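1. Need coordinates for the following:
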Amino acid sequence: MRVVSFSVPAWFPAYDASPADGVRPPAQLTDQESAVFLCLATGASNAELAAELQLSVSTVKFHVGNIRTKLGGISRLQACLLAALAREDPRLSDGGVAAGPR
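-> Residues are numbered from 1 along each chain as shown. Purely as a prediction, here's the structure:
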């Protein structure tokens, strides 16, 4: 299983307390989580994501929950915003996964 890193900008608000040095370690997402994460940028529902990625709705819910936890307990809206940033700014990811359709 390949892991893709996504960095959360230090200025981005998260539910967890920011580290003292202001730098958060990159989130390590699996390939499947990365695909779901990048598709979150569209603002699609779990059912729409499931249809697009050919997954079950429960699998999408599972991945979205993991993504939110790995990114510091952020909300779904915050995850959508980060996904949009990651699609626009390749410096936020290690480039290991292609962006989904726009």
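2. contacts and neighbour counts: CA atoms only from here.
-> Will do.
3. Name the spans of this protein whose pLDDT lies under the cut-off.
-> Counting by pLDDT under 70, the chain contains low-confidence ranges at 1-25, 90-102.
4. Can you give me the buried ones in stretch 52-63?
-> 55, 57, 60-61, 63 (16 or more other C-alpha atoms under 10 Å).
5. Redo the residues you listed as TSV? Include distance to Gln28 and secondary structure.
-> Output for the buried residues of stretch 52-63, formatted as TSV (distance: C-alpha to C-alpha, whole Å; DSSP: H, G, I helix; E, B strand; the rest coil):
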residue	distance to Gln28	secondary structure
Leu55	21	coil
Val57	22	helix
Val60	17	helix
Lys61	18	helix
His63	13	helix
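6. got those residues as CSV, with distance to Thr30 columns?
-> Converted to CSV, the buried residues of stretch 52-63 look like this (distance: C-alpha to C-alpha, whole Å):
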residue, distance to Thr30
Leu55, 15
Val57, 18
Val60, 13
Lys61, 15
His63, 9
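7. And these, which is closest to Arg76?
-> Lys61 (10.8 Å; C-alpha to C-alpha).
8. Please tell me how far the nearest residue to that closest one once chain neighbours are set aside sits from Ser58.
-> Distance criterion C-alpha to C-alpha, 6 or more residues apart in numbering; nearest residue to Lys61, sequence neighbours excluded, is Asn46 at 6.6 Å. Per C-alpha to C-alpha, to the nearest Å, Asn46 is found 8 Å from Ser58.
9. doesn't Ala47 make contact with Lys61?
-> No: using C-alpha atoms under 8 Å, Lys61 is not in contact with Ala47, being 9.3 Å away.
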